[in-house]
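Trainee: Structure here, sequence nowhere to be found:
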């Protein structure tokens, strides 16, 4: 049993729309934690952009995703929801991924009913597997959970809404809950009315994705207090960190390139203070370890 999975399960069971931002690496996860959020999830869209500079179209290898997940889990004390994508293949592959995620201390995972390899849940060109095949994946993952960490949260996400409508998406959510999922999500659900219908029709905790300014994210931006009143369990903001990072980097380097002197004297508003950043990543702790364990001559600066 993991303390982080216990925390995450408690958050979900309260159905109070706990906000779970997406991160794309360990640094963005630490920032999210420092800003006071109770949980963080790993964005497949974000890590594809971060590690490969490519879109989320199934190019990431499972080992790359697991390695990054390990780094994120070790970097923060809040629960981490991993991105299992389409489960790396069949139900057997999904079970293996679940074992790895539990062993590294993740609090839970998202798994989707897309055809493997998957695409970003809010883009076109998605294909879903049969409900029966996804049920097998959820059962396989839940069997691993029940053996290794009963509090590990399995979030089953359906992409069937875009092609087959809300009724089919709700039907699948209930099937996945019956198969052992703890939380379900309908990717690209639309209006407030649809959200309310889904909450009423789904027989368990429901998560939704919210994000403004992202083409293809069609979910109405309902205030969190209203989502709490509806009974939404979790609000995912999946691609925020990578989008914010891209904008900040682009704006800074455009300004630097446009500067007639090639520098930006006095424009410190672009940057985190050096001492602030090194404090954030824990340099002082490593300096203390050097002073404690290394010979004095090896730690002296010129």
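Mentor: Sure, I can see it. A quick note: this is a predicted structure, and the numbers were derived from the prediction, not measured. Numbers count the residues shown, from 1 in each chain.
Trainee: for the stretch 201-302 of the chain, which spans come out with low pLDDT?
Mentor: 213-217, 297-302 (pLDDT under 70).
Trainee: switch the cut-off to 80
Mentor: In the predicted model of the stretch 201-302 of the chain, residues 212-218, 296-302 satisfy pLDDT under 80.
Trainee: hey, where'd the helices end up in it?
Mentor: Listed in chain order, the helices of the stretch 201-302 of the chain (DSSP state H, counting those that start in this stretch) span 224-230, 240-258, 274-280, 283-293, 296-299.
Trainee: which helices and strands sit right next to the fourth one?
Mentor: Same thing as helix 283-293. helix 296-299 (3 or more Cβ pairs under 8 Å, 6 or more residues apart in numbering; DSSP states H and E). Using the backbone N, CA and C atoms, a C-beta is placed for each residue, glycine as well.
Trainee: wait, residue 264 sits on residue 258?
Mentor: No: counting by Cβ atoms under 8 Å, residue 264 sits too far from residue 258 to count as a contact (9.7 Å).
Trainee: who's more crowded, those two?
Mentor: Set residue 264 next to residue 258 and count neighbours by other Cβ atoms under 10 Å: residue 264 wins out with 15 against 9.
Trainee: I'd like the distance between the more buried one and residue 108.
Mentor: Residue 264 sits 42 Å away from residue 108, going by Cβ to Cβ, to the nearest Å.
Trainee: Tell me the gap between stretch 259-273 and the middle of its chain.
Mentor: 33 Å (Cα atoms, centre = their mean, to the nearest Å).
Trainee: Next, the distance between the ends of it.
Mentor: 21 Å (Cα to Cα, to the nearest Å).
Trainee: go on, stretch 230-248?
Mentor: 35 Å.
Trainee: just stretch 2-22 next, same as before
Mentor: End to end - Cα to Cα - stretch 2-22 spans 21 Å.
Trainee: Next: stretch 40-47.
Mentor: 14 Å.
Trainee: What lies in contact with that stretch?
Mentor: Applying Cβ atoms under 8 Å, 6 or more residues apart in numbering, the contact partners of stretch 40-47 are 20-25, 28-29, 32-33, 55-56, 60, 64-65, 68-69, 72, 76, 78-83, 85, 110, 118, 120, 236, 238-239, 241-242.
Trainee: Can I get the buried part of the residues you listed as one PyMOL selection?
Mentor: Only the buried entries of those go into this PyMOL selection, using 16 or more other Cβ atoms under 10 Å:
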select buried, resi 20+21+22+23+24+25+28+29+32+33+56+60+65+68+69+72+76+78+79+80+81+82+83+85+110+118+120+236+238+239+241+242
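Trainee: So residue 2 versus residue 153, what's the distance?
Mentor: 10 Å.
Trainee: oh, I was asking about residue 244
Mentor: From residue 244 to residue 153 the distance is 26 Å (Cβ to Cβ).
Trainee: Have a look at these two and say which one is more surrounded.
Mentor: residue 153 (29 against 13).
Trainee: Give me the phi and psi angles of the more buried one.
Mentor: In terms of degrees, to the nearest 10, the main-chain angles of residue 153 are phi -90, psi 120.
Trainee: buried set for stretch 223-233?
Mentor: Neighbour count says stretch 223-233 has 227, 228, 230, 232, 233 buried, by 16+ other Cβ under 10 Å.
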